[in-house]
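Novice: next one to model:
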Amino acid sequence: MIIKPFKLERYYTLYEFSAEYSICNSDCEAMTIKDLLSLEEGSVDKFHDLHLGYTETKGHPELRRDISTIYTTISSEDLMVCTGAQEPIYLFSQGVLNAEDEVIVQSPCYQSLASVPESLGCKVLNWMVKYIDEKPTFDLDELKNMITEKTKVIYLNTPHNPTGFHFSKEEQLAIVEIARAKNILIFCDEVYRELEHHPDYQIPSFADAYENGVAVGVMSKSYGLPGLRIGWVATRNKAVIEKMAIMKEYTTICNSAPSEFLAGVALRNRSTILARNLEIIHTNLPHYESFFERHADLFSWYQPNAGPIAFVKMKFDSDDMLFAEKALQEKKVLLLPGGIYDYNGFFRVGFGRKKMIESLLKFEEFIVENKIAK
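Specialist: Okay, the predicted model is just below:
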């Protein structure tokens, strides 16, 4: 297999842990093991007594039961626990795609959604975002017209990375009907699900909404627990999950027992964790609003209604990659430039961490000191 280097992960590998400030992180504020275990009585002793043997390939039955509570039609048998979200993305493409298949990818995207199918010889069609009055949109008629007899999968991501766009219930239903008409699989990256800024913006998982829907979740983003490296895939399509399970026996085989235990504690107390993370988001967003009002001549953005990220448009003449490099060199502030997504003239911001306000002030120092002008 020949596959392109993963631009985003390469970028974070090089710069994430050397930067002192960041306004681009896509996860929420992390917790300590102590804080997590404090959410459930008796969990400390159970954690200490945990047997460190192999775990089940599909994940511990109790963890799969806990994950199933996130869904309405998904049972523990419709789930497989994986390492993060990257593994199920990889396993799905490897398990169900063949050379010459066509796939449609909501774009810009988390690169593996496109690069893994491409590496298998698939034709990848990009369903590109359009900005209308500075608001990101995805044209459903365009999606319908992209479908051919060779279309095998539609890859989606909602809430969307990097734009922050989130489908409405009506849009979701329309997409399902488009796929159902041709018996096309929908693979949806739902790592920011349950982080809607208001209950009105909640939509069902695509695994619940469509019999051939395949959804990915993870502990990293909405729950702020990336160190657990626990993700999962949910689908009622038994053939798909079995193909993925067979592929997993060539990758991680099984997951970390301590991580599975801690993920279960988190999921049983997810309402508390989500409320905490949404409070951080609601605290941070007004600071971004104020910043973009002060610098409306330089930047524009669409404030999303779900998730912890947004995409910012640069109104001045500057290479976004060089702009980010300069901010890192001069103020040790990490930005994620749009060039990482092959979508230049933008950069991604995040608002799920407590240190965001301090980092934003450092970024503003950089803007003022460099006298950046439109």
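Novice: enumerate the positions of stretch 84-98 that are buried.
Specialist: Of the residues in stretch 84-98, 84-97 count as buried by neighbour count, 16 or more other CB atoms under 10 Å. Glycine gets a C-beta too; all of them are placed from N, C-alpha and C.
Novice: over to stretch 175-189?
Specialist: Quick answer for stretch 175-189 (16+ other CB under 10 Å): Ile175, Val176, Ile178, Ala179, Ile184, Leu185, Ile186, Phe187, Cys188, Asp189.
Novice: what about it, start to end distance?
Specialist: 15 Å (CA to CA, to the nearest Å).
Novice: narrow the buried residues of stretch 84-98 to those in helices?
Specialist: Gln86, Glu87, Pro88, Ile89, Tyr90, Leu91, Phe92, Ser93, Gln94, Gly95, Val96 (DSSP state H).
Novice: look up how far Phe292 lies from the third one.
Specialist: In this structure, Pro88 and Phe292 are separated by 35 Å, where distance is defined by CB to CB, to the nearest Å.
Novice: then the first one?
Specialist: Applying CB to CB, the value for Gln86 to Phe292 is 32 Å.
Novice: okay, helices next: where are they in the stretch 251-374 of the chain?
Specialist: 257-268, 270-294, 320-331, 356-369 (DSSP state H, counting those that start in this stretch).
Novice: avg pLDDT for the first one?
Specialist: Model confidence over helix 257-268 averages 98 on the pLDDT scale.
Novice: show me what contacts the closest residue to Pro204 other than its chain neighbours?
Specialist: Nearest in space to Pro204, with sequence neighbours left out and distances taken as CB to CB, 6 or more residues apart in numbering, is Thr72 at 6.8 Å. Applying CB atoms under 8 Å, 6 or more residues apart in numbering, we find Thr72 in contact with Pro204, Ser205, Asp208.
Novice: now do the helix or strand containing Ala245: distance to the chain's middle.
Specialist: Assigned by DSSP states H and E, Ala245 falls within helix 238-248. Put simply, helix 238-248 sits 22 Å off its chain's centre (CA atoms, centre = their mean, to the nearest Å).
Novice: angle of it against helix 86-96?
Specialist: Following axes from the mean of the first three to the mean of the last three CA atoms, to 10 degrees, one obtains 110 degrees for the angle between helix 238-248 and helix 86-96.
Novice: returning to that earlier point: buried deepest among the helices of the stretch 251-374 of the chain, which one?
Specialist: Among the helices of the stretch 251-374 of the chain, ranked by average contacts under mean count of other CB atoms under 10 Å, first place goes to helix 257-268 (a mean of 20).
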